[in-house]
Every structure is written in structure tokens, then in C-alpha cells.
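Novice: Provide a 3D model corresponding to the input given below.
(chains A, B and C)
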Amino acid sequence: MTGPDRRAPRYDTVSLLTDYGSTDEFVGVVKSVIRDLAPHVGVIDLTHEIAPYDVRAGSLALARCIGYVPRGVVVAVVDPGVGTARRAVAVEVADGEGVLVGPDNGLLAPAVAMAGGAGRAVELTDPAYHLEAPGPTFAGRDVFAPVAAHLCNGVPLDALGVAVDPALLMPATVPLPRPERDGVVAEVLWVDRFGNCQLNLGPDDLAEHGLTDATLLVEIVSLVDPAAPTVRAVSRARTFAEIGGGVGLVLDAYGMLALCLDRASAARELGLAAGDQVLVRSFDGDRAAAPGTPVRLGRTR
Amino acid sequence: MTGPDRRAPRYDTVSLLTDYGSTDEFVGVVKSVIRDLAPHVGVIDLTHEIAPYDVRAGSLALARCIGYVPRGVVVAVVDPGVGTARRAVAVEVADGEGVLVGPDNGLLAPAVAMAGGAGRAVELTDPAYHLEAPGPTFAGRDVFAPVAAHLCNGVPLDALGVAVDPALLMPATVPLPRPERDGVVAEVLWVDRFGNCQLNLGPDDLAEHGLTDATLLVEIVSLVDPAAPTVRAVSRARTFAEIGGGVGLVLDAYGMLALCLDRASAARELGLAAGDQVLVRSFDGDRAAAPGTPVRLGRTR
Amino acid sequence: MTGPDRRAPRYDTVSLLTDYGSTDEFVGVVKSVIRDLAPHVGVIDLTHEIAPYDVRAGSLALARCIGYVPRGVVVAVVDPGVGTARRAVAVEVADGEGVLVGPDNGLLAPAVAMAGGAGRAVELTDPAYHLEAPGPTFAGRDVFAPVAAHLCNGVPLDALGVAVDPALLMPATVPLPRPERDGVVAEVLWVDRFGNCQLNLGPDDLAEHGLTDATLLVEIVSLVDPAAPTVRAVSRARTFAEIGGGVGLVLDAYGMLALCLDRASAARELGLAAGDQVLVRSFDGDRAAAPGTPVRLGRTR
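Specialist: You can find the predicted model right below:
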């Protein structure tokens, strides 16, 4: 490790997103390293409760944050391949207003895209900007945190290692809604603490498929009996309170549609988790489904 | 959204209390917004683990904090009515030493009272001090955080919206102990991480009802068999260690009496949760209850 | 409480480690007190999720952190004896580069040792540097936080109370591996969020006992049937990914050996918790144990 760099400070905020959780001292040690090397820096915890190894969930959370993160360095670590040949990278975005630091495993990709795409990128190959470590399993402490601190201190990006072609960074695969029968198959991108289920579906996607009614149907395939999906009427609602007793389809704070209940968990009510698929289709008056009433569509129909 | 205000900074601390939890990035985004608009501000997390929608628990936690919170802005968000007609407000306390920002649903009321009552108050109606948002469900990010940042930057309270009569802010209902039979019925206000059960009962309340003995009885009505309450002897104790093997009644760090065990959870032992009621009464020598021995008082007595 | 001290600031970082959890506002109040008394100080949360009352787990976590903690004050609170005669202390380390503050119950000892041993130490007996409190159960808020703030403000260590002979501070008992049969009995020191089981065993300990093979055996005694331990082949691995489908013995980020799986929990797979003992021994070709295959060694052999 080099000492604090004498260049003029360049950034004064590091934002962190990891799957480190809070039961251990991992996050505290990462912050200690940053504070030690760059005492002028303020650290923002975006979240540390990404499920262990869940690169996709981490990438989506980071994408939801990135438009709000202040100028500075973002360190993201969900890194099951730590210590292997997967690259550790730093990627400049927004003409250098931000640098994203983390493993090159797709975690950074959606956020980089939302920030306007990658500018310069480097692989973090110069050990002079890392900590020496007894073992290679804690890159957050030994690689990403010191690199972030050095960037804040003014170390130029290209000093950190060899240049990487930004076009060759690991992309992320984001699922797109697809038309099916009389509706569109969407995927649950995220279940939040309140049980709201964000879909990969914006209002325009619904309009595109002619799904403009105030009440729609959602079909959820059960793994127990795939031929008997649960069907629920869902009403478009502007707020949670507006939903009332049923299931609502709410334009959430990120511009996506989410399945929600008022003061209760839609995920629990509907048995949904991130990654699950639902069919959203028009409300068919021929069916006996009243809004909010579950309907079993069995084999016999 | 307006840019950072050029007025002289007025506060440099924002304290946060929410039901946002830590599994999502909600808190991180709120902090990002504050940092972006008011980089000089330090943020203190009071807690983010208020149970979802539990306005009462949030209001009590905030009241426990308020005497320790440093000069500045407090943002509190437990807000099931987000996006509806419920008002978003900012309330000055202590001659402007503090401003409490949040929904006007009773959440702020006990803290405002403990801080000496409301000075001026405004409804946060001027969108110039909010963020534009795709949907109305994340007022913490889009309304409360930017308002707090602007207050710190020196924006005057009355610029944020229309004045509200402080007397018309939503009050909170705090339960009072009531005399019953030979004792007093108290309510569990709070069960903490360690299982200590804070009652709405101070030492003076006990003295007022003549409950001055070193050992008292606590009756807990079971929902399963209301006619057969559990009765436990509880001993007044100054510290957890002093309790020994039984149940103690300890003057807690907030000046209230709490049911506690030594190094174990009184809530689990006694089956208590916040909102439960217990009867505290004098230790009646006629009963066979030895300290620490549970007694079943059935229908046959 | 005295007001902010007018001496020149001495430290600008306080690092916190407690068993306070995050469900309550304990940590937030501790930080509020520090911010109020010493506004220039930055606070680092090492962790607050030490299991309630688990002094040993807290002491080990603190020891894992101490080499990374920046110059300043460390406050550690796992304190079942709060309010009793157990001493509250401040201990200088590294020629005053750091001061550790907390209960004298063994919590600080391993970290003090790793920081080069105790310099001066005092018992925190002067109430002028504490907060007045309704009850004695929240020393983090009323004693340790204000003392830390005053230290940061430049109050000399010996002003805080009576000197304590550092040799008489409560020591910690750290278990040592011991030879047994053809191997060495180790103890699980720590199970982290990912289920990795850190042993009290470094690579040198294995070499010392002639356990230099790339594959070793681990015996775990079951409480259900102590005569039938589970035996697992474990392979030395440099990274989690290198482990593949079996159980790996990985040099962890602290220089200790840990039982790990790739992207899964070794603790769950092996039924291990902190404090459990395992026998590590050489792979005996006579046994039918293939790597990764569990072998039951019953009474009949």
C-alpha cells in the first residue's frame, strides 16, 4: 500500500453497495480503510443487504440508485468469483463525474448504462494501490476500498492498472416483457421490504399491448400445479391507500409498475419472489372474476 | 428541483428515522439526495427498523431520541398514507434549534411535545423544493430529503409551503396507566432487541398507587384463556445483573419502568409484545406466589 | 455533563462496535451524543450485530477490525454487567494513536493485544464527562459516547478517572488448537454471513502437525451421537470458486483457515456454529472416504 497520495483531492463521496450484510464487520472495515487513506471522504451506504452472491439483484439495486448518487466514486461488491480470474475494474461515467469500482461480472453494467455508458475503464492490476492481505477473499477491503480512496485523493484512473475496452465489460441481461396470448408476460424484478413487487413493465408497455383498462388481470403460474394458475384482478392505483382491499398496480417511484397491497405485502399475498413471471392481461368480462377475487383456472375449463 | 441554495448554511446535521429497513436501498438514496443538495451536512441514522407502517412505534422511538438529537433537522418517515391527502409538514421546535420534517400523521407529535411544543409549522406544498419523480410513493426521497437539505442550506421554513396552525397538527395518543383493583394497568410501549419490555409507567406512578414494595406482582392476561392470567412476582432492581434468576422491574435509561431478565428476553419469557397490557399490583402474602414462581389464577378461586 | 471542551481536538474518528442491533435507536442515540459534543468527529460503525451479551464474539470481531481502524477512539459495548461493579475503562494503545473505550470484561483485550498492548488505562470514574441519566442501563449513551467525544475534543486520558494498572485489565481467553490422535483439534471462532467457518488455526499450525496435504479430513462430533462423528474430506483452496462442489479449507482474509463452500454456507452444510470443535487430520488412504463424500464412523468399526 502506498501512503495517502499528495495529489489534490478529486472526489469527496464514496457510495457503497454490497452483499456483506450487517452481522459481520465487513462494511465497517471497508469504511475504516477509506477513512484511513482519504479522511476527507464521506461514505454513503446504499445498501449492504443484497442477498449473498446475487449479482443480478445487486445490479438492479445499483441501477435504481445511480440517478441519485452524488458525484464521486461508487464501490459495488457482489463478488462470488473473488480471487479468481474475474477482473476487478474501475469504470468512468458521465465525463468523469463518477467512477464505478467493482468486479467485472455484470454487477455494474445496468448502472453504467443508466449513467450514459462507460467512458474509460481500467483493470485494477497495480498492487501499489491495494492493501497487502493474508488471503485473497476480501477484495472489498484489500482492492476496492483502497482504490476508491486513492481515486478520491486524485490518483488518475489510468494509474490504477491496464486499460480495458469498455465494450468488453461484462454486460447484464435484463429481462424484457414479451407478448403472450391476450397480454404480456412480465417478470418480478424486485420485492421490497414492504412486499411491493416491481415488474419489468412501464406504463408504456401496457399501452403498447392495449392494456389500458383501470382493472386488469394478473395470472401467476403455481409451481405446484402449473396448469392451474392463480388469477387476480388488479386495479391501477396512484397510491397505496387508493388500492383499498384488493391488489393494485401502482406506478412506483422508479417509473415501473408494481403489484402492491395497501399496508400489506403483495409478495406474500400472491406468493411472488424476484424472478417470478406473471401474465398481465385484459379483464375479460366473460370470466366470473370480480376485482380482488382469486379465480382458479383449472384443467376442466 | 432547485439547485443548491446560495443562502448561508443554517444546520449541519440531519437525523433520520424511518420504517425503510436495510434490505433495500431506500435509506441510501435518501442520504444521496441530501448529500447532493447539501454536501456539508452529516446524517445520523436514528433507526430505520420501525416495523412497516407502525406510526405509533415510530413516534415513541423518535420521542426517546429527541432529547439527544443534535441541533438540526430531523426527518421521520413512517407513512402508509404516502401520496394521499395526508399533509407533509415541517415543524419548528426549540426556537428554531430543530425542525422536524415528515408526514402529519401523529408520527412527529410526541417528539414535538418533548421538545417543548411546536413553533411555526408549514405544509410542504412548494414543489420547487422537491424532486420530480415518476411516481408519488417515495416521499422520503422526493419530498422530505430535499426539504431537509434545503433547510440546512438556509432556505427559510416559510418558503417551503403554506403555514399550518401548529394546534391543528395530528396529535398522538399515548396510553396512560389506569388504576384497577389493587394495582395499576400498564401497557408495554416498547420491546427492545434484548427483550426488555418498557411500560408506560414511571416510579412515581407506582408510588401514587401505593406500590412501593421491593417485590410486586404482574398479571398478564392470556388471549387463550383470559380468565386464567399468568401471575409473576417481579422484584425492583437497579441493574440487569441484580435481577438474578427471576423477572425484574428496572428503571430504564428513559426513566420508565421495564420488565427485564438478566441476559435473557423478558418479552419471550412473559409472552409480551408492544401494546400488551399488564396489571401491576402489590405482592399479596396470602397467595402462594414465591418470587419468580408463575401462578395460575384459574376460574375456581 | 460538561460542555464541549475548549482544548484542541485530538482525534476525529470514533469507531463503534456493539451488540445494540439495528431494530432500536440505541446506535443512533450514541451517535447523536457524539455529534452533539464533538461535531467535528466522523463515526464508523464496525458492527452492531454482535449477538446480545456475547462478549467473546465481540472481542474477536474487534480484533479482526483493529488493524484497519483509523487513528482515533474505539468504543466497544457488549456489556451484560452494565451498571454493576464491572469497571468502565479507557485504554491507550500504540503510543496514544488509539484509545479503546468500553467495559472491562475481556471485550477489549484481544484488540488491545493486537494493537501492541495497553499503554495507560483509566477507570471512567469522573461523572463530569458522562451524561446524567434516569437509569444506569445505557452506558453506551451515558458514559462511553460522551467519554469518546471528550477524548476527541482533547480531554486528557487521565482526566477521565483513576488510573488502572493495565496488567490488571480483564484478559480474554482465546482457545488454542491442540494436538489429538493424528491431527489437531480446532475451534470455530466465527461463522460469517456467508457461512464460512473460521478456525483458530493458521497454515503454520497445520504444518506443525504435519498436515501439509492438499486434501485433509475434518471430523465433526455430533451431539446426537458423539460416537459417530461426521467425517468430511476437505481440500485446500485459494479461492471460494476453486473449492468446486465439496468443502474447502481456505486461507481467509485474516490469515486463518476457514471451512468454506463455493457460493453456499459451510456452517449449514456441516452443522457448525461458533464455539464448535472439529478435528482436522490427515487424509487416510485406508478409509473409503473420497473427497467431498461424508463418511459415518460408527461404533461397529
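Novice: how about the residues of chain A by chain B?
Specialist: Within chain A, the positions adjacent to chain B are A:12-13, A:15, A:17, A:22, A:42, A:44-49, A:61, A:64-65, A:68-71, A:192-194, A:238-242, A:250-255, A:262-263 by C-beta under 8 Å from any C-beta of the partner chain. (C-beta placed from N, C-alpha, C; glycine too.)
Novice: and the residue of the stretch 1-150 of chain A that's closest to chain B?
Specialist: Chain B sits closest to residue A:46 of the stretch 1-150 of chain A, with a gap of 3.5 Å, by C-beta to the nearest C-beta.
Novice: and for that residue, the neighbour number?
Specialist: Using other C-beta atoms under 10 Å in any protein chain shown, residue A:46 is surrounded by 28 other residues.
Novice: could I get the full set of strands for the stretch 1-150 of chain A?
Specialist: Under the criterion DSSP state E, counting those that start in this stretch, the stretch 1-150 of chain A contains strands at A:13-18, A:42-47, A:72-77, A:88-93, A:98-103, A:118-123.
Novice: and the second one with strand B:42-47, angle?
Specialist: Between the direction of strand A:42-47 and that of strand B:42-47, the angle (axes from the mean of the first three to the mean of the last three C-alpha atoms, to 10 degrees) works out to 30 degrees.
Novice: and if you look at the fifth one?
Specialist: Using the same axes, to 10 degrees, the direction of strand A:98-103 lies 50 degrees away from that of strand B:42-47.
Novice: do strand A:98-103 and chain C meet?
Specialist: No: against chain C, strand A:98-103 shows no contacts by C-beta under 8 Å from any C-beta, the least distance being 11.8 Å.
Novice: circling back to that earlier point, show the buried residues in the residues of chain A next to chain B.
Specialist: A:12-13, A:15, A:17, A:22, A:42, A:44-49, A:61, A:64-65, A:68-70, A:192-194, A:239-241, A:250-254, A:262 (16 or more other C-beta atoms under 10 Å in any protein chain shown).
Novice: in the stretch 151-300 of chain A, which residue sits nearest chain C?
Specialist: Counting by C-beta to the nearest C-beta, the stretch 151-300 of chain A gets nearest chain C through residue A:193, at 13.1 Å.
Novice: between its first and last residues, what's the separation in stretch A:110-124?
Specialist: 20 Å (C-alpha to C-alpha, to the nearest Å).
Novice: cool, stretch A:76-86 as well?
Specialist: Stretch A:76-86 end-to-end distance (C-alpha to C-alpha) = 15 Å.
Novice: circling back to that earlier point, is it correct that the residue of the stretch 1-150 of chain A closest to chain B is in contact with residue A:63?
Specialist: No: Residue A:46 lies out of contact with residue A:63 (C-beta atoms under 8 Å); the separation is 11.2 Å.
Novice: residue nearest the centroid of chain A?
Specialist: residue A:60 (1.6 Å; C-alpha atoms, centre = their mean).
Novice: the nearest residue to residue A:61 once chain neighbours are set aside and residue C:265: what is the separation?
Specialist: Nearest residue to residue A:61, sequence neighbours excluded (C-beta to C-beta, 6 or more residues apart in numbering or on different chains): residue B:25, at 5.1 Å. Counting by C-beta to C-beta, to the nearest Å, the gap from residue B:25 to residue C:265 is 25 Å.
Novice: of those two, who's got more company?
Specialist: residue B:25 (27 against 18).
Novice: give me phi/psi at the more buried one?
Specialist: When read as degrees, to the nearest 10, the backbone of residue B:25 gives phi -100, psi 20.
Novice: surely residue A:232 touches residue A:272?
Specialist: No: between residue A:232 and residue A:272 there is no contact under C-beta under 8 Å: 10.9 Å.
Novice: what is in contact with the two at once?
Specialist: Residues touching both residue A:232 and residue A:272 (C-beta atoms under 8 Å, 6 or more residues apart in numbering or on different chains) are residue A:220.
Novice: hang on, the earlier thing: need the contact list for the residue nearest to the centre of chain A.
Specialist: A:110, A:189-190.
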